[in-house]
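1. whatever this is, show me its structure:
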Amino acid sequence: METPEQGRPALKRSPYQERFLTIVVMGGLGRVRSFRVSRRILAWSSLFLAAFIIVSVVIINRYLDLRERNNILLDRLSFLEEDLNRNKKALERSRQMAAFLEEYILYTDERPDAPTHSGKEAAAHAKRGEASKAASSKEAAEGGKAKLSADALQMKDILIEKEGAKLSVSLKLVVSQPGGTPAEGYLHIIAEDGKSNPRQWWAYPQQRVTNGLPDNYRNGHNFSIYRYKPIHGRIYLGSRALSPSAIKLLIYDQAGNLVTEKILEVTHES
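-> Below you'll find the model as predicted:
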């Protein structure tokens with residue numbers, strides 16, 4: 001006897017059919033258009049779009065970072081080129097002065113009417129000359145130290161400009177006390193960022209600064225002034241985002257005494 005299961009026909013299983021997503025578009029005149037899109041293709045397309053957006057964001061951020069670094073390097077390169085040009089000009093002037101002095105010494109040595117001394121007279125003449133030179137140099141040094149004071153040497157027409165990662169400071173040193181001896185000393189321009197922790201300092205000429213003061217006063221801008229002298233100092237900050245909160249102008253005399261100190265607050269435009 002047959003069982004009920006044996007008498008039933010076998011079930012036919014339909015093959016797997018991929019599901020489609022039907023999109024219907026209705027026109028203005030009542031026209032309806034529809035088309036089907038495979039859900040698998042739609043899923044892979046969405047994954048590709050998401051990956052493309054993520055990779056694009058990473059590449060754009062990398063490009064912006066590299067462009068910022070490139071701009072900083074270009075600013076630093078232009079700053080170094082300007083310093084190199086100034087040093088070349090100063091070296092050329094020094095060479096011309098040295099050549100002039102050599103010609104002058106040769107001319108004075110070859111003069112036929114130059115007086116000659118021999119024996120004890122020459123020695124006595126040389127001693128008198130050395131003594132007079134020492135006395136004159138001592139008087140000149142004392143006169144220079146006396147002239148270099150906060151009242152006798154003034155800083156005028158101070159201009160501060162910031163362009164990118166470069167800070168330019170222009171001023172004019174003016175000798176207000178008349179005299180035949182020049183005012184000699186060293187000028188330091190120090191930019192300070194008091195808001196950062198720890199504090200940061202930048203100096204012109206470039207040197208090491210500790211607690212807002214130069215380690216060696218002789219590393220400053222050496223000047224010798226009879227009436228006035230314009231000075232243009234440039235400081236490389238290292239980044240466009242950095243900006244000092246104050247500018248400190250220091251003047252030392254030849255003995256290393258701090259003669260003048262002027263602090264200028266820097267205001268930032270929003």
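2. how many residues are close by Ser245?
-> The local packing count at Ser245 equals 16, with neighbours defined by other Cβ atoms under 10 Å. Every residue, glycine included, has its C-beta placed from N, CA and C.
3. how about the nearest residue to it, chain neighbours excluded?
-> Of all residues not flanking Ser245 in the chain, Gly194 sits nearest, at 4.8 Å (Cβ to Cβ, 6 or more residues apart in numbering).
4. quick one: find the helix or strand in this protein with the lowest mean pLDDT.
-> Across the helices and strands of the chain, mean confidence by mean pLDDT, DSSP states H and E is lowest for helix 119-147: a mean of 51.
5. what segments of the stretch 151-270 of the chain are helices?
-> All residues of the stretch 151-270 of the chain lie outside helices when identified by DSSP state H, counting those that start in this stretch.
6. mind listing the strands for it?
-> Residue ranges of the strands in the stretch 151-270 of the chain, as given by DSSP state E, counting those that start in this stretch, are 153-163, 166-175, 183-193, 200-204, 209-210, 213-214, 221-225, 228-236, 246-252, 258-265.
7. pick the most deeply packed of those.
-> Mean neighbour count, computed with mean count of other Cβ atoms under 10 Å, is highest for strand 183-193 among the strands of the stretch 151-270 of the chain, reaching a mean of 23.
8. and that strand with strand 246-252, angle?
-> 160 degrees (axes from the mean of the first three to the mean of the last three Cα atoms, to 10 degrees).
9. strand 183-193 pairs with which strands?
-> Pairing partners of strand 183-193, with direction, according to DSSP bridges: strand 200-204 (antiparallel), strand 221-225 (antiparallel), strand 246-252 (antiparallel).
10. next one: that strand to chain centre, how far?
-> Mean C-alpha position of strand 183-193 versus that of the full chain (Cα atoms, centre = their mean, to the nearest Å) differs by 16 Å.
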